[in-house]
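Chemist: return atomic coordinates for the entry below.
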Amino acid sequence: MKFIVSSSHLLKQLQVLGGVINSNNTLPILDNFLFELSENQLKASASDLETTMSAIVNVESTDTASIAINARLLLDTLKTFPDQPLTFKTEGENTIEISSEQGKYDMAFYNGDEFPKTIELPSPSSTEVPAHVLSTAISKTIFATGNDDLRPVMSGVFFQFSSKDLTFVATDAHKLVKYTRKDVSADKSAEFIMPKKPLNLLKGILGGAEDNVTIEYNDTNAKFTFDNIVLVCRLIDGKYPNYEAVIPKENPNKLTVDRASFLNSVRRVSIFSSKTTHQIRLKMAGTELNISAEDLDYANKADERLSCDYQGDDMQIGFNSRFLSEMLNNLNANDVQLEMSLPNRAGILTPIDGTEEGEHVTMLVMPVMLNG
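Modeler: Predicted coordinates:
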């Protein structure tokens, strides 16, 4: 087996795949990249059994072969080269020699047949989504997923496809994000829960993708294909909670405020909040929003005023400042609206501007009980 490839091009593709590999694998073969060579194309893959990702790299070769090479060793070596052609050539039963302008390097390799086979999806359903839409949907929702091992369904993002729109939902029971695209739809209705790890991998590489992403799915797996990349992952098994039931419909109290000012105030004031509850207090009356926090254990206290547009009864409500700032940080709007009904009911945060045609973002944050 012999092939010639650009060092920087190979490194770029392998760094993307490297995100799949766990630091401590149960099977030693999973510490490797699988290289499948068929003439002028090299298919490189990485897997953790749950998620498998592969990329096609153009090379110069006339051979066909399949080997597995240690990922860490190869990445560390490639990072040190300036851009140049590298020649990979197998020597004997288990050594591959890499030749560069600087010298030669020998690495052990394993038989490619030992590497786990990529899961095939028999007769899957399929939907095409523009890359930037999927990238935005993941970015807007993934921060709201939970980390509770006892509720695995909440640790992923819920994909809900219909002939009218696509909806992506994430919640950890304290906060919830619902992201809808009316300008994209699927041929038929489908629902599945995507795990966080493959979504983070997609989020990292979709930004530069030009084309549409083809999403194929069945009851157990999903497959994402775009540019020269294919990602297959196992879906989270279980039924997603009825999120529509927790979004309050009647919210007569509406606060409109500049997002950046609100976010900066929340961040500043929260420094003075209790380190266990991270509680801040919002007090609304007329055109004034008062944001305050107090840490009784250390006698720390902060109080800020912001001008706003508030329609509704004067009220006070408490929120966890970390959740609120995360949400404000994930909105691109200049102005946001916070809708509330009662101090013990969830607040609904929506952007007033900055959204694309057909794009709808709804964020829900649960209140915390105010002391005194």
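
Chemist: would you agree Glu128 is in contact with Asp211?
Modeler: No. Counting by C-beta atoms under 8 Å, Asp211 is not a contact partner of Glu128; they are 9.3 Å apart. Heads up, the C-betas are built off the backbone N, CA and C, glycines and all.

Chemist: who has more neighbours out of those two?
Modeler: Set side by side, Glu128 and Asp211 show more neighbours around Glu128, with 14 against 11, by other C-beta atoms under 10 Å.

Chemist: residues touching that one, list them.
Modeler: Going by C-beta atoms under 8 Å, 6 or more residues apart in numbering, Glu128 touches Asn212, Val213, Thr214, Ile215.

Chemist: and the gap between it and Glu210?
Modeler: 14 Å (C-beta to C-beta, to the nearest Å).

Chemist: ok, Lys203 next?
Modeler: Separation of Lys203 from Glu210 (C-beta to C-beta) stands at 16 Å.

Chemist: what about the two, which has more around it?
Modeler: Lys203 (16 against 9).

Chemist: quick one: low-confidence parts of the stretch 251-372 of the chain?
Modeler: Across the stretch 251-372 of the chain, the ranges flagged by pLDDT under 70 are 371-372.

Chemist: how about the strands of it, start to end?
Modeler: Shown for the stretch 251-372 of the chain, the strands assigned by DSSP state E, counting those that start in this stretch span residues 253-258, 279-285, 288-295, 300-307, 309-311, 315-320, 335-340, 347-351, 359-365, 367-368.

Chemist: quick check: which of the ones you listed is nearest to Lys2?
Modeler: Closest to Lys2 of these is strand 359-365 (C-beta to C-beta; 49.6 Å).

Chemist: mind listing what's buried along that closest one?
Modeler: Glu359, Val361, Thr362, Met363, Leu364, Val365 (16 or more other C-beta atoms under 10 Å).

Chemist: so in that sheet, which strands flank it, and in what orientation?
Modeler: strand 175-181 (antiparallel), strand 347-351 (antiparallel) (DSSP bridges).

Chemist: backbone dihedrals for Thr141, please?
Modeler: phi -110, psi -30 (degrees, to the nearest 10).

Chemist: what's the local residue count around it?
Modeler: Thr141, neighbours per other C-beta under 10 Å, totals 27.

Chemist: what residues does the residue of the chain positioned farthest from its centre make contact with?
Modeler: Distance to the chain centre peaks in the chain at Gly92, reaching 42.7 Å (criterion: C-alpha atoms, centre = their mean). Applying C-beta under 8 Å, 6+ apart to Gly92 gives no contacts.

Chemist: and if you look at the one 4 residues further on?
Modeler: For Ile96, the contacting residues are Met1, Ile67, Ile69, Phe88, Lys89, Thr90, Asp106, Met107, Ala108, Phe109, taking C-beta under 8 Å, 6+ apart as the criterion.
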